[in-house]
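**Student:** prediction below, plus the sequence it came from.
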Amino acid sequence: MTDQKNTLLAIVLSAIVLIGWQYFFGLPQMEKQRQEAQLKAQQQQAQQQTQPAPAPGQAGQAAQPQLPGQGGASTPIQQLSREQVIAASPRISIEAPRVAGSIALKGAAIDDLTLTQYRETVDPKSPPIVLLSPAGSPHPFYAEFGWVTGSGAPVKVPGSDTLWTQASPGKLDVGKPVTLTWDNGEGLQFRRIISIDDQYLISVESQVVNSGSAAVTLYPYGLIRRHGTPETLGYYILHEGLIGVMGDQGLQEFTYKQIEDKKNVSFKATNAWVGITDKYWAATLLPDPKATIQTKYSFETTGTQKTYQTDYLGDAVTIAPGATASNTSRLFAGAKEVAVVDGYEKQLNLNRFELLIDWGYFYFITKPMFWSIDWLYRHVGNFGIAILLITLTIKIIFLPLANKSYASMAKMKAVQPEMAAIRERYADDKMKQQQALMELYKTEKINPVAGCLPIAIQVPVFFALYKVLFISIEMRHAPFYGWIHDLSAPDPTNLFNLFGLLHFDPTTLPMIGHFLHIGVWPMIMGVTMFFQMKLNPSPPDPTQKMIFDWMPLIFTFMLASFSAGLVIYWAWNNTLSVAQQSFIMHRHGAKIELWDNLKGLFVKKQTDKDKKK
């Protein structure tokens, strides 16, 4: 039957899309394909040549300076814990509303930062998230700012071993900046003024006072360095690694594996920013948007230690005797909260800083979906309820289209006898059969593909909602009701250990453990899909019937490892679809097959028993 085939086609296509989608989610280290424009931009690599230092006033002819960490910089052998490394050096404490930590006076690196409002688990007593850590600790990840000279220039500038002096006592807090000073003993005084806002932005103003007799040319820089390859989720739809927007060259993303292969990639751009991102957290350099800078992503190894770095180098600044030069840059180091990231983009006039959050190719659906759910959440106080309400809203928006679709399906059912007669009459002539069917559709004003539309509409919405639940930190650790304490994580219950009555984890079993996690909500979703399948008459073709019968079970296993919020959405959407389709078909006089199909399952079982007797 044509309507059954159309519905079956839609279901099979949706299943193929979902299976393919899941396939690409689950394969770690999948490399993104980049467009030709980006590939051309990647051809320019940083030159590390030794040339004479530029003469005063000839900065445009300067040799390429070398930033810290380039050219085989060594990495301390990991021997101490993070706490021991921090305690071993003098520091300035950071006590801001959302972050805590310290700045090392030796090197003045921003290398100790925890996010006080986020915890490792849903337990509020679990440790806070550690974002930045100093060199020599188990997972070094830090930022540095300062000045470098042209290659070969004999000017002493502060480095990673420089011991700075704090100009005045006190902690770094909102409205309470700290000032560090260092004199190179050759006529240059360096001053660093560090301030922090009430969210995740650290501003660093680097000043140089030339009290000598000759002009000096320096280059401002900033870098973020990460030692060791961090553990990543490895999902194709989520970028984790080096990231930045390079002016007109747009978004440039490299996974850790990609930059290992390329070693280093350079860009020259205005209105650019660069950094390193995790799923929920990021550290990014935000130089002056009006400045033209040389940015670079790089990778190197020292022994067995891998090091990843993003940095930028500004244009040369010549400081005449008695003059002072100043350069201000910023560091975003914190949680990728949508409102905060968007706020910094507007406040600092940053170039597409919103892309720090990986909204994906469905950006035009994904971000509006987030804002809608977030707006509802602020009114109802529960993200799970917000998901249910946004699903209902989407149903209402597409109600006219769905009504036409289900009405067409109802008409298809009404003309089933005529369609069967046409097939029987032209059983040996498929062309005449199709012509007669098309004439029937035209006469009865039936669209034979209309039954595919409701399911087809769900696919981009499904993807967008999955993306929102997967990437947005606002959904992290967001509870629903009952046993669902984190909508961004899978349902924690499991049928195969009798929902906790048996004290073992079936998912740890070799080979099959991955498939042995079916929670309560995936089961509810499977039941609602089963009812939706049984709302239509069973196909006469045995193969089609088998696909219909097994589809709910397949989807149950397929979606069991998805976030609980997504499974709750799918179950709720199925329930609304069953109610909507039943109402529309009843209004058009079409028979609702649900109860007959359910009864038929029972009758068939009895008949099989009778046959055995």
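**Tutor:** That came in fine, so what should we check first?
**Student:** only C-alpha atoms from now on, for both contacts and neighbour counts.
**Tutor:** Noted.
**Student:** strands of the stretch 201-350 of the chain, start to end?
**Tutor:** For the stretch 201-350 of the chain, the strands defined by DSSP state E, counting those that start in this stretch cover 201-210, 216-227, 241-246, 251-255, 264-270, 272-277, 281-286, 292-302, 305-313, 317-319, 324-335.
**Student:** so which of those is the most packed in?
**Tutor:** strand 272-277 (a mean of 28; mean count of other Cα atoms under 10 Å).
**Student:** next helix or strand past the helix or strand bottoming out on mean pLDDT in the chain?
**Tutor:** Ranked by mean pLDDT, DSSP states H and E, the weakest helix or strand in the chain is helix 36-41, scoring a mean of 38. Using DSSP states H and E, the helix or strand that follows helix 36-41 in sequence is helix 82-87.
**Student:** just give the closest residue to residue 187, not the sequence neighbours.
**Tutor:** residue 212 (4.3 Å; Cα to Cα, 6 or more residues apart in numbering).
**Student:** I'd say the one you found and residue 319 touch.
**Tutor:** No. If you go by Cα atoms under 8 Å, residue 212 and residue 319 don't touch, sitting 10.1 Å apart.
**Student:** show me this protein divided up by domain.
**Tutor:** Listed by automatic domain parsing, the domain ranges of the chain are 2-24+367-606, 31-358.
**Student:** out of the ones you listed, name the one with the poorest average pLDDT.
**Tutor:** Sorting these by mean pLDDT places domain 2-24+367-606 lowest, at a mean of 78.
**Student:** quick one: that one to chain centroid distance?
**Tutor:** 26 Å (Cα atoms, centre = their mean, to the nearest Å).
**Student:** please enumerate the helices of the stretch 301-450 of the chain.
**Tutor:** Using DSSP state H, counting those that start in this stretch, the helices of the stretch 301-450 of the chain run over 338-348, 363-380, 383-397, 399-414, 416-425, 430-444.
**Student:** list the buried residues of the fourth one.
**Tutor:** This points to helix 399-414. 401-413 (16 or more other Cα atoms under 10 Å).
**Student:** what about the nearest residue to residue 91 once chain neighbours are set aside, neighbour count?
**Tutor:** Leaving aside its chain neighbours, residue 91 sits nearest to residue 104 (4.5 Å; criterion: Cα to Cα, 6+ apart). Residue 104 has 21 neighbours, counted by other Cα atoms under 10 Å.
**Student:** surely residue 104 is in contact with residue 93?
**Tutor:** No. Assessed by Cα under 8 Å, residue 104 is found out of contact with residue 93, at 9.0 Å.
**Student:** before we move on, the earlier item: residues touching the residue nearest to residue 91, list them.
**Tutor:** Going by Cα atoms under 8 Å, 6 or more residues apart in numbering, residue 104 touches 89-92, 110-111.
**Student:** now flag whichever of these is closest to residue 340.
**Tutor:** residue 110 (20.7 Å; Cα to Cα).
**Student:** show me where the stretch 501-613 of the chain has its helices.
**Tutor:** 520-533, 542-559, 564-587, 594-612.
**Student:** looking at those helices, which is nearest to residue 217?
**Tutor:** helix 564-587 (56.4 Å).
**Student:** can you show me the CA trace of that closest one as CSV?
**Tutor:** Extracted in CSV, the C-alpha atoms of helix 564-587 (Å, rounded to 0.1, in the frame of the first residue of the first chain):
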residue,chain,number,x,y,z
ALA,A,564,18.3,11.8,28.7
GLY,A,565,17.0,15.1,27.5
LEU,A,566,17.0,14.0,23.9
VAL,A,567,15.3,10.7,24.7
ILE,A,568,12.6,12.5,26.8
TYR,A,569,12.0,14.8,23.8
TRP,A,570,11.6,11.8,21.4
ALA,A,571,9.2,10.0,23.8
TRP,A,572,7.1,13.2,24.3
ASN,A,573,7.2,13.9,20.5
ASN,A,574,6.0,10.4,19.8
THR,A,575,3.1,10.7,22.3
LEU,A,576,2.0,14.0,20.8
SER,A,577,2.2,12.5,17.3
VAL,A,578,0.0,9.6,18.2
ALA,A,579,-2.6,11.9,19.8
GLN,A,580,-2.5,14.3,16.8
GLN,A,581,-2.7,11.6,14.1
SER,A,582,-5.5,9.8,15.9
PHE,A,583,-7.5,13.0,16.2
ILE,A,584,-7.0,14.0,12.6
MET,A,585,-7.7,10.6,11.1
HIS,A,586,-10.8,10.2,13.3
ARG,A,587,-12.1,13.6,12.0
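**Student:** list the helices and strands it packs on?
**Tutor:** helix 383-397, helix 399-414, helix 453-471, helix 520-533 (3 or more Cα pairs under 8 Å, 6 or more residues apart in numbering; DSSP states H and E).
**Student:** those: which one's closest to residue 584?
**Tutor:** With Cα to Cα as the criterion, residue 584 lies closest to helix 399-414 of the helices and strands packed on helix 564-587, at 6.5 Å.
**Student:** related to what we said a few turns ago, any of the contacts of residue 104 buried? List them.
**Tutor:** 91-92, 110-111.
**Student:** give me the secondary structure label for residue 124.
**Tutor:** Classification of residue 124 by DSSP: H, G, I helix; E, B strand; the rest coil places it in coil.
**Student:** and residue 137, how far from residue 83?
**Tutor:** Distance from residue 137 to residue 83, counting by Cα to Cα, to the nearest Å: 8 Å.
**Student:** who's more crowded, these two?
**Tutor:** With neighbours defined as other Cα under 10 Å, residue 137 and residue 83 compare such that residue 137 has more, 20 against 12.
**Student:** would you confirm that the more buried one contacts residue 88?
**Tutor:** No. Between residue 137 and residue 88 there is no contact under Cα under 8 Å: 11.4 Å.
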